[in-house]
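Chemist: need a 3D model of the sequence below.
(chains A and B)
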Protein chains: 2
Amino acid sequence: MINKVTMVSINEPALSQEKLGYDEAVRLTESEIKRLLKSAPPIIRPQTSHLAQAAGKGIRARALLACAMDDDHRVIRNAVNAAVAVELLHLATLVHDDIIDDADIRRGITALHVKFGSKLAVLCGDYLMCLALDMASMMKVTEIDREKVGNVLPSYFKEICLGEIGELSHTGNLDLTEKEYFEIISGKTAALFQATFHAGYLLADEPLEFKDIYIEIGNLIGIIFQLSDDCLDFVSSRKTVKKPVLIDCSRGVMTLPLIYALKNDQTLRKKLEQGIAGQELKDAVIAAGGIEYTQAKIEEYRSRTKQLIAMLRSETKRNMLEQLLDKASAL
Amino acid sequence: MINKVTMVSINEPALSQEKLGYDEAVRLTESEIKRLLKSAPPIIRPQTSHLAQAAGKGIRARALLACAMDDDHRVIRNAVNAAVAVELLHLATLVHDDIIDDADIRRGITALHVKFGSKLAVLCGDYLMCLALDMASMMKVTEIDREKVGNVLPSYFKEICLGEIGELSHTGNLDLTEKEYFEIISGKTAALFQATFHAGYLLADEPLEFKDIYIEIGNLIGIIFQLSDDCLDFVSSRKTVKKPVLIDCSRGVMTLPLIYALKNDQTLRKKLEQGIAGQELKDAVIAAGGIEYTQAKIEEYRSRTKQLIAMLRSETKRNMLEQLLDKASAL
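Modeler: Residues are numbered from 1 along each chain as shown, chains lettered A, B, ... in the order given. Next up is the predicted model:
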């Protein structure tokens, strides 16, 4: 009888109550992600191996593990599974994000999906998403009465998807307001950080009154992360090695520096509609104060985040989240 | 504070123990699927509305609900959620299945994803998948010690994804053996039927010794369903209204009639490699006995399925599953 649904077996009951130090948990998360990516089906392995290299600093996993620490700065084994799940979901969204439509092909953008075929990229993203949700659903959190991490993550994943859809529906919309922009990034980037912090809060078994604080810190760090990424579309920095300049702009993705510049430089809209060279666009956005304005917004969100972090109980945790905040906002 | 993760609220605790008759549950499932598809974000609504029309007979939902019946032929409210989840996942795979790669665009195939853009189709499929998994994860099955439906479905979903990847990796592989073919369809089509029957078994609260019987019936009906669909690629029938003839073949998807014909007509391979007209291919596959052979396989699987169905306890359930079996194998 065919009844073999293979389970990723890193979640043995014997291990689930074992506690780990933060550094050990980070290492375990990284090696587990690499192992899963490298053991993907052969046909998508070129793509997942590429992701294994690009997986980078894993800010979401680190945030989750930092939040999940108990009073002794240790995390339960399940926290590693949750950290793996959020990073895999992040990678899934990256892969699907990269899938271009016909218009992009015409514009001559070459990306992974072109090399491997759109269909393969779709399936690769699907696989990572299923892997993430499977992993999330397998987690056994001992609390009976509280929300379970495995039940919390899928609804955030739906939110993220809605956020992506929202972004797509505003592609090339030069009339996008700042308010609409913030709604979009709340769904898209911030929801995954919210999920991360929400899961961390549950895994740390923190008192209920801290729930909203954790989730809001996640939301704010997510927004800061996105604003910082927006700036990268226009300015060179050590981060830009990983991200080609003006990639968002060329895809019609609206970013805050551009929205601000459009509002303050009345000539820019016409130039964009008629076609504008990359360097000229960069100069115009910078001259209109788009980057400065976005940086000021980042600062504003940073100080709100710091206030919330200061409300957390553990000093170690507060320090670690402050460091994460610095990472999220660093250019 | 932004902390609104919207939940689909059809799963109120007050309702979860309420029991429904089969017909009522089918109606509720259908209306719930239509409601969800119609309330999708505006930008993907043209596509989801299209799906709402095409959703058709919902064989997976009906199978789940039939399996989920208790001794009084009634199902718990959660069974409707599970039925909605499997149908939504099926629709998600349909949408992603339809995404074509550059090669297809060159071949001039026009499909939904071309009209709406690949990216939109990717996000639409992602949304449906997340909706399905969210719904699955929200189900509260009362048993503590047994597997929960919400935990069972995601691992099947991963299997399905692996099946799709397996199929893609054998696209255009004229050397595909019958054995390899059956492995692929076990993953792709049969895994979702297995998930359906497994979930139904859990929801019916059947004794543990029936678990493997349910899952194997699901597996066999899934295989039969796929073999029947394979035949449709070559012969006209009342079903073909929904499926253009030779669509699998033109995409390089290997089907059993073709595999058999390639083995028995030594000239066919060369013709295929050099390009062959549709009618000529159809005639060749039929002349080589590809359809007859596949029909004989269907009969073989049908009788195995009937034996297993006969082992179930309730006569009503046996009759309903026999009818489903007929539907799955009907041309």
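Chemist: quick check: residues of the stretch 151-300 of chain A near chain B?
Modeler: Within the stretch 151-300 of chain A, the positions adjacent to chain B are A:151, A:153-162, A:164-166, A:168-169, A:186, A:190-191, A:194, A:212, A:215-216, A:219 by Cβ under 8 Å from any Cβ of the partner chain. From N, CA and C alone the C-beta is placed, and that goes for glycine too.
Chemist: 6 Å - rerun?
Modeler: Residues of the stretch 151-300 of chain A lying near chain B by Cβ under 6 Å from any Cβ of the partner chain: A:151, A:154-159, A:161-162, A:164-165, A:169, A:186, A:212, A:215-216, A:219.
Chemist: ChimeraX command for the buried members of those?
Modeler: Per 16 or more other Cβ atoms under 10 Å in any protein chain shown, the buried members of these correspond to this ChimeraX selection:
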select /A:151,154,155,156,157,158,159,161,162,164,165,186,215,216,219
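Chemist: so which of the residues of the stretch 151-300 of chain A next to chain B sit within strands?
Modeler: Nothing among these maps onto strands, per DSSP state E.
Chemist: so which of the residues of the stretch 151-300 of chain A next to chain B belong to helices?
Modeler: Among those, the members found in helices (DSSP state H) are A:151, A:154-159, A:161-162, A:164-165, A:169, A:212, A:215-216, A:219.
Chemist: what stretches of the stretch 151-300 of chain A score poorly on pLDDT?
Modeler: Along the stretch 151-300 of chain A, the parts satisfying pLDDT under 70 run over A:236-247, A:249-251.
Chemist: one more time with 80
Modeler: A:151-152, A:236-252 (pLDDT under 80).
Chemist: just the helices from it, written as ranges.
Modeler: A:178-185, A:191-204, A:211-232, A:247-250, A:256-264, A:268-274, A:278-287, A:290-309 (DSSP state H, counting those that start in this stretch).
Chemist: so which of those helices is the most packed in?
Modeler: Counting by mean count of other Cβ atoms under 10 Å in any protein chain shown, helix A:191-204 has the highest mean neighbour count of the helices of the stretch 151-300 of chain A, with a mean of 28.
Chemist: can you list contacts of that helix?
Modeler: By Cβ atoms under 6 Å, 6 or more residues apart in numbering or on different chains, the list of residues contacting helix A:191-204 from outside reads A:60, A:63-64, A:67-68, A:70, A:79, A:82, A:86, A:149, A:152-153, A:156, A:159-160, A:163, A:211, A:214-215, A:217-219, A:221-222.
Chemist: next: stretch A:272-288.
Modeler: A:Phe234, A:Leu246, A:Pro257, A:Leu258, A:Ala261, A:Asn264, A:Asp265, A:Leu268.
Chemist: run the last query once more with 8 Å
Modeler: Stretch A:272-288 is contacted by residues A:174, A:234-235, A:245-246, A:249, A:257-258, A:260-262, A:264-265, A:268, A:271, A:291 when judged by Cβ atoms under 8 Å, 6 or more residues apart in numbering or on different chains.
Chemist: how about it as CSV, C-alpha atoms only?
Modeler: The C-alpha trace of stretch A:272-288 is given here as CSV (Å, rounded to 0.1, in the frame of the first residue of the first chain):
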residue,chain,number,x,y,z
LEU,A,272,9.2,58.9,-16.0
GLU,A,273,6.3,58.5,-18.4
GLN,A,274,8.4,59.5,-21.3
GLY,A,275,11.4,57.3,-20.2
ILE,A,276,14.3,58.5,-18.2
ALA,A,277,17.9,57.3,-17.9
GLY,A,278,18.8,55.5,-14.7
GLN,A,279,21.4,58.0,-13.5
GLU,A,280,19.1,60.9,-14.2
LEU,A,281,16.3,59.3,-12.2
LYS,A,282,18.6,58.6,-9.3
ASP,A,283,19.9,62.2,-9.3
ALA,A,284,16.3,63.5,-9.5
VAL,A,285,15.1,61.4,-6.6
ILE,A,286,18.1,62.4,-4.4
ALA,A,287,17.8,66.1,-5.4
ALA,A,288,14.1,66.1,-4.5
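Chemist: what angle separates the helix or strand encompassing A:Ala121 from helix B:118-138?
Modeler: Using DSSP states H and E, the element containing A:Ala121 is helix A:118-138. If you take axes from the mean of the first three to the mean of the last three Cα atoms, to 10 degrees, helix A:118-138 sits at 20 degrees to helix B:118-138.
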